[in-house]
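Trainee: All I have is the shape, not the residue letters:
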């Protein structure tokens, strides 16, 4: 459910997903969050930082995949999540894992303040 807009002002309606990252909720607009999908097979990158899990081929493009979870205790232990959120950032595909998808749909977005949902 959206917040009540000021009288006479209609809220914006936005498609989005709401994710939990480290106990915090985040709103990812459908302009950025393109797809939620099962974790694809990854190719590891030697010497990459711990949160860069590797690369995958999606929709004909090589996509870097990073995790929002703390780094695995054992190098090469792999992702802790079975889901990948595919984002489009500056027209570049980026995959994120370690997010918990809490809700998806069309939400009322007030011009200021937080988005509420049930």
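Mentor: Yep, that arrived. Computed from a predicted model, the values in this text were never measured in an experiment. Residues are numbered from 1 along each chain as shown.
Trainee: for this structure, what spans make up the helices?
Mentor: Using DSSP state H, the chain contains no helices.
Trainee: Geometric centre of it: which residue is closest?
Mentor: The chain has residue 85 as the residue nearest its centroid, 4.5 Å off, counting by C-alpha atoms, centre = their mean.
Trainee: Give me the distance between the spatially closest residue to residue 44 that is not a sequence neighbour and residue 64.
Mentor: Leaving aside its chain neighbours, residue 44 sits nearest to residue 54 (4.7 Å; criterion: C-beta to C-beta, 6 or more residues apart in numbering). Any C-beta I mention is one placed from the backbone N, CA and C, and that applies to glycine too. From residue 54 over to residue 64 the distance is 8 Å, taken as C-beta to C-beta, to the nearest Å.
Trainee: One more: residue 90?
Mentor: Counting by C-beta to C-beta - residue 90 and residue 64 are separated by 13 Å.
Trainee: More neighbours: these two, which one.
Mentor: Applying other C-beta atoms under 10 Å to residue 90 and residue 64 shows that residue 64 carries more neighbours, namely 17 against 5.
Trainee: so what pLDDT did the more buried one get?
Mentor: pLDDT for residue 64: 96.
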